[in-house]
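1. Quick one, structure for this:
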Amino acid sequence: MENCNKYNSIVNEVKYMNMKKGIITLIIFVLIVIFIGNTVNAFSLPELTGTKTKAKEIEKVGNAVIQVLSVVGSILSVIVIVVLGIKYMLGSVEEKAEYKRTLIPFLIGAIFIFAASTIAGIVYQVAIKI
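-> Sure, this is the predicted structure:
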């Protein structure tokens, strides 16, 4: 009977921890939605038609941001791939299987990071033509 009570208390603690994690996740999700959902109008609609110089300034800033993100993402991707490769070579059979599972999503993300500047350029060219 005593073992049953211990088991029930452990089960209740696990349920409480899972519920606590769910509530924390929900709170974080709501906060993200609140912060992302806010619209900030820093300028009025007529200002959007601005001059060519404003458009060139915005283009320069956008290009600089894209280049920085692309370089930083590429460097981080290469570093992570090297680390995973070394761990794969030195790991046991179980560890190699785990690295293979984590490598596929990482490679997909790395491809998107390497292609980000190309994708942004394509979007820019399409937006100019509209």
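
2. only C-alpha atoms for contact and neighbour calcs from this point on.
-> OK.

3. can you list the weak-confidence ranges in this structure?
-> Along the chain, segments meeting pLDDT under 70 span 1-7, 33-55, 130.

4. what domains does the record give for it?
-> Using automatic domain parsing, the domain parsing of the chain gives 1-38, 51-130.

5. Distance from the chain centre to the last one, please.
-> Taking CA atoms, centre = their mean, to the nearest Å, the mean C-alpha location of domain 51-130 is offset from the chain mean by 11 Å.

6. Secondary structure class of the residue most central in space within the chain, three-state.
-> Among the residues of the chain, the one closest to the centroid is Gly109, at 9.1 Å (CA atoms, centre = their mean). Using DSSP: H, G, I helix; E, B strand; the rest coil, the secondary structure recorded for Gly109 is helix.

7. gap between it and Ile81?
-> The gap separating Gly109 from Ile81 is 12 Å, by CA to CA, to the nearest Å.

8. if I pick Thr102, what's in contact with it?
-> Applying CA atoms under 8 Å, 6 or more residues apart in numbering to Thr102 gives no contacts.

9. Work out for me the element it sits within.
-> Per DSSP states H and E: Thr102 is located in helix 93-129.

10. Now that helix: buried residues?
-> Using 16 or more other CA atoms under 10 Å as the test for burial, helix 93-129 gives Lys96, Tyr99, Leu103, Ala110, Phe112, Ile113, Phe114, Ala116, Ser117.
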